[in-house]
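*Asks:* Provided below are the primary sequence and the corresponding predicted coordinates.
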Amino acid sequence: MRSVVLVTGGAGFIGSHVVDRLVAAGHRPRILDQRPSPWHASGEIDTVIGDVRRPEDVMRAAHGCAAICHLAAAADVGEVHAQPAWSTELNTTGTLNVLEAARQLGIARVVYASTVWVYSDVVADEVDEDELLPAPAHLYTAGKLAGEMYCRSYAELYGVQSTVLRFGIPYGPRARPAAVIPSFVARAQSGEPLSIAGSGDQERSFVYVEDLADGVVRGLIPEAAGRTYNLAGTETTTIAQLAKLVCEEVAETEIVHTEGRAGDLRGARIRSDRAAEELGWSASTPLREGLRRYATWMREQDEPASAVVVAAPAAVRRRARALARLSEAWRDPAFTGVAALLAVASAAVSVILGTPDRTQAADLTVAALALALPLWSLTFTPWPAGLHGRQAWSTALTGLACVVLLGLFSGDPDALHGSHLLSLMTLAICVSALLRVVPLRLAQRSP
């Protein structure tokens with residue numbers, strides 16, 4: 001039986017590749033992200049639209065999962081510097097919510113995406129996972145190290161087993177345009193100069209994203225529980241050397257230097273021997289080859305076949321995004337349930353105000369509350385995430401049935417008299433209680 005693995009941030013750069021690799025490895029990935037994945041067809045991957053900063057969203061997505069690959073984070077160092085409060089909440093509170101969901105749901109493993117930036121303040125020229133880490137100077141490093149510490153604490157206190165993966169600097173298809181390699185390649189392709197902050201002597205260990213995704217999936221093996229691994233490239237290069245390589249492989253252009261950044265990653269040679277020995281993983285894509293692949297992918301995005309989409313009017317793109325969001329929203333039981341409750345409330349107000357008889361109006365009010373009770377339970381009782389689509393449809397159909405029944409009751413004054421109304425209330429309470437139990441049974445049967 002294939003296991004369900006939640007990927008937080010699964011619509012993003014690295015997360016989307018992890019989803020692809022999980023599928024190839026025979027797992028059933030589930031995405032938790034604030035948007036549908038632009039890299040997967042609608043309905044192809046089980047998706048929960050939500051925010052890791054909200055515990056209820058994480059719990060909803062994690063139901064029925066065997067493991068969580070936690071990749072959702074503020075990964076742009078410049079963005080972290082510009083928005084410290086927001087990024088700290090996302091990187092630290094988000095990680096706590098994931099670990100807490102794993103604790104409450106008994107999920108066996110959390111794979112935590114850390115970074116080689118944790119070595120940014122180390123003075124050694126070469127580091128491995130046993131390197132003593134000084135207090136971090138950069139907020140991004142502090143947030144990632146905090147996540148590592150939370151993983152350790154949850155293992156010690158609650159038995160939640162984690163695997164910490166310190167990613168090298170990722171690059172490849174679907175990357176953020178602001179990252180150094182995407183920025184260099186885009187500038188070279190458009191004939192703009194490559195801008196280097198400072199001297200360019202900062203060393204980086206780049207790793208191709210598909211290699212990285214493979215390492216994340218390998219981190220799910222039982223032997224990796226409680227371990228920390230560097231997933232870095234086999235080559236270490238300086239930013240200046242990278243710029244020259246881009247000029248050689250993509251297009252010749254000017255290289256200019258600007259003022260250095262505060263708290264920049266100094267760089268050191270990152271050893272990934274432990275990952276090779278224990279996970280059987282190593283970065284198999286040389287930097288030069290990875291650059292070629294990424295530059296080719298970038299050019300393909302500008303080909304005429306895809307230009308129809310890229311060049312579409314902004315209004316068309318906005319409508320398409322709005323329709324995609326609406327489609328995903330209607331698969332969210334909470335969204336559908338609230339809409340159904342509002343529809344029932346509107347119908348109730350309409351028939352009550354249209355009834356001149358006060359006694360009948362009072363009976364209709366009680367009937368409306370009774371009908372809304374099962375709908376409330378159906379909406380706000382958590383179902384296994386894999387059954388959210390069915391829950392949403394059930395909620396919508398129940399809301400429609402409630403509206404129809406209210407209409408029938410308003411047209412038949414005798415339908416709610418005496419024992420009929422009491423029977424309706426008793427039935428509503430029983431159905432509501434049953435709907436609180438059914439999801440628990442479904443969760444026990446979920447893989």
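*Replies:* Good, I have the coordinates. Predicted model only: the values in this text are computed from it and were never measured.
*Asks:* okay, now the domains of the protein?
*Replies:* 4-325, 331-445 (automatic domain parsing).
*Asks:* Tell me which of those sits most buried.
*Replies:* Highest mean neighbour count among these (mean count of other C-beta atoms under 10 Å): domain 4-325, with a mean of 19. From N, CA and C alone the C-beta is placed, and that goes for glycine too.
*Asks:* Just give the closest residue to L287, not the sequence neighbours.
*Replies:* Nearest residue to L287, sequence neighbours excluded (C-beta to C-beta, 6 or more residues apart in numbering): E235, at 5.2 Å.
*Asks:* got it, and P134?
*Replies:* Closest residue to P134 apart from its sequence neighbours, by C-beta to C-beta, 6+ apart: D121 at 4.8 Å.
*Asks:* I figured the one you found hits T141, correct?
*Replies:* Yes. The pair D121 / T141 is scored as a contact, 7.3 Å apart, by C-beta atoms under 8 Å.
*Asks:* Kindly provide the distance from G12 to C69.
*Replies:* Distance, G12 to C69, using C-beta to C-beta, to the nearest Å: 12 Å.
*Asks:* Where does P170 sit: helix, strand or coil?
*Replies:* At P170 the chain is in strand, as set by DSSP: H, G, I helix; E, B strand; the rest coil.
*Asks:* While we're on it, how confident is the model there?
*Replies:* With respect to pLDDT, P170 has a value of 92.
*Asks:* Please name the residues that touch T8.
*Replies:* 15, 32-33, 52, 58, 61, 68-72, 94, 98 (C-beta atoms under 8 Å, 6 or more residues apart in numbering).
*Asks:* And stretch 4-22, end to end?
*Replies:* For stretch 4-22, the first-to-last residue distance is 10 Å (C-alpha to C-alpha, to the nearest Å).
*Asks:* I meant stretch 191-198, not that one.
*Replies:* Stretch 191-198 has an end-to-end distance of 22 Å (criterion: C-alpha to C-alpha).
*Asks:* just stretch 111-129 next, same as before
*Replies:* 16 Å.
*Asks:* How far off centre is it?
*Replies:* 24 Å (C-alpha atoms, centre = their mean, to the nearest Å).
*Asks:* Over to stretch 43-52?
*Replies:* 7 Å.
*Asks:* again, but for stretch 9-22
*Replies:* With C-alpha atoms, centre = their mean, you get 9 Å for stretch 9-22.
*Asks:* Would you mind listing the outside residues contacting it?
*Replies:* 5, 7-8, 28-40, 45, 47, 52, 69-73, 75, 113, 167, 170, 172, 174-176, 209-210, 212-214, 216-217.
*Asks:* quick revisit: confidence-wise, which of the domains of the chain is weakest overall?
*Replies:* In terms of average pLDDT, domain 331-445 trails the rest of the domains of the chain, at a mean of 78.
*Asks:* From what I see, G337 and L375 are in contact.
*Replies:* Yes. G337 is within contact range of L375, at 6.9 Å (criterion: C-beta under 8 Å).
*Asks:* joint contacts of those two?
*Replies:* Common neighbours of G337 and L375 are listed as 395, 399 (criterion: C-beta under 8 Å, 6+ apart).
*Asks:* quick one, what contacts the closest residue to P333 other than its chain neighbours?
*Replies:* Excluding its sequence neighbours, the residue lying closest to P333 (C-beta to C-beta, 6+ apart) is Q391, at 4.1 Å. The contact partners of Q391, taken as C-beta under 8 Å, 6+ apart, are 333, 378, 383.
*Asks:* Mind checking which of those are in helices?
*Replies:* Among those, DSSP state H puts 333, 378 in helices.
*Asks:* Mind giving me the packing neighbours of the particular helix or strand that has T296 in it?
*Replies:* Assigned by DSSP states H and E, T296 belongs to helix 287-301. Packing contacts for helix 287-301, counted by 3 or more C-beta pairs under 8 Å, 6 or more residues apart in numbering; DSSP states H and E, involve helix 180-190, strand 206-208, helix 239-249.
*Asks:* moving C-terminal of the first one, what's the next helix or strand?
*Replies:* Of the helices and strands lying after helix 180-190 in sequence (DSSP H and E), the nearest is strand 194-197.
*Asks:* Pull the residues that contact that next one.
*Replies:* 184, 187-188, 239-240, 243, 246-247, 253-261, 264.
*Asks:* returning to what we had before: relative to S284, how far out is the residue nearest to L287?
*Replies:* E235 is 12 Å from S284, by C-beta to C-beta.
*Asks:* residues contacting E278?
*Replies:* Each residue near E278 by C-beta under 8 Å, 6+ apart is listed here: 223-224, 227, 229.
*Asks:* need these in CSV with secondary structure and distance to V19, can you?
*Replies:* Output for the contacts of E278, formatted as CSV (DSSP: H, G, I helix; E, B strand; the rest coil; distance: C-beta to C-beta, whole Å):
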residue, secondary structure, distance to V19
E223, helix, 23
A224, helix, 19
R227, coil, 23
Y229, strand, 20
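*Asks:* The stretch 1-150 of the chain: helices as residue ranges?
*Replies:* Here the stretch 1-150 of the chain has its helices, by DSSP state H, counting those that start in this stretch, at 13-24, 55-62, 77-82, 84-88, 94-105, 139-158.
*Asks:* any chance of those in CSV, plus distance to V127?
*Replies:* Shown next, in CSV, are those (distance: least, C-beta to C-beta, whole Å):
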stretch, distance to V127
helix 13-24, 22
helix 55-62, 32
helix 77-82, 19
helix 84-88, 24
helix 94-105, 23
helix 139-158, 14
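*Asks:* Tell me which of those sits nearest to S199.
*Replies:* Nearest of those to S199, taken as C-beta to C-beta: helix 77-82 at 18.3 Å.
*Asks:* Check which helices and strands the closest one sits against.
*Replies:* Using 3+ C-beta pairs under 8 Å, 6+ apart: helix 77-82 touches helix 139-158.
*Asks:* Could you check the angle the helix it packs on makes with helix 94-105?
*Replies:* 20 degrees (axes from the mean of the first three to the mean of the last three C-alpha atoms, to 10 degrees).
*Asks:* Contacts for helix 139-158 next, please.
*Replies:* By C-beta under 8 Å, 6+ apart, the residues outside helix 139-158 that reach it are 73-74, 77, 80-81, 84, 87-88, 91-92, 95-96, 99, 102-103, 110, 112, 114-115, 117-118, 120-121, 133, 136, 160-162, 164, 226, 228.
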